[in-house]
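# After the sequence you'll find the predicted model.
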Amino acid sequence: QVQLVESGGGWAQFGGSLTLSCVVSGRTLGPYTVAWFRQTPGNERHFVAAITTSGEITSYTNSVKGRFTISRDAAKNTVHLQMNSLKTEDTAVYYCAADLDRYYRGRAPAYYDVWGQGTQVTVSS
């Protein structure tokens with residue numbers, strides 16, 4: 001059974017940086033996609049970024065392009081989200097998710113089969 005464990009959330013000042021990490025365990029075969037979503041109280045989860053395990057496909061929501069970078073460390077089964085130039089509107093609970101389909105299907109939360117527990121990111125002005 002696939003499990004995702006996030007780490008790296010916390011507090012940052014406006015313009016600062018944080019790096020989130022997602023360790024994937026239990027998955028040994030086949031390509032898949034790992035994505036980050038974020039959610040604020042009373043709102044739906046929104047797509048932030050995704051990467052395929054081949055590393056060939058990366059995708060970002062427009063609001064984070066040029067500021068966030070998603071990457072993977074295949075040897076450690078870990079996906080990182082480097083967040084730079086943080087804004088107060090980046091404040092949210094960030095979730096790591098895995099779509100176990102072998103092809104990249106997109107950004108809809110419904111495509112993602114497994115979710116982590118979430119990690120809080122707070123950006124202050």
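Cool, got the structure.
# What residues does the residue nearest to residue 90 when sequence neighbours are not counted make contact with?
Once flanking residues are discounted, residue 90 sits nearest to residue 123: 5.1 Å by CB to CB, 6 or more residues apart in numbering. For every residue, glycine as well, the C-beta is placed using N, CA and C. By CB atoms under 8 Å, 6 or more residues apart in numbering, the contact set of residue 123 is 11-14, 16, 86-91.
# Describe which strands the helix or strand containing residue 123 pairs with in its sheet and in which direction.
For residue 123, the host element (DSSP states H and E) is strand 119-124. Strand pairing for strand 119-124, using DSSP bridges, gives strand 10-13 (parallel), strand 92-99 (antiparallel).
# May I see the buried residues of it?
Within strand 119-124, the residues scored as buried using 16 or more other CB atoms under 10 Å are 119, 121, 123.
# for stretch 51-71, same thing?
Here stretch 51-71 shows 51-53, 59-61, 64, 68-70 as buried, counting by 16+ other CB under 10 Å.
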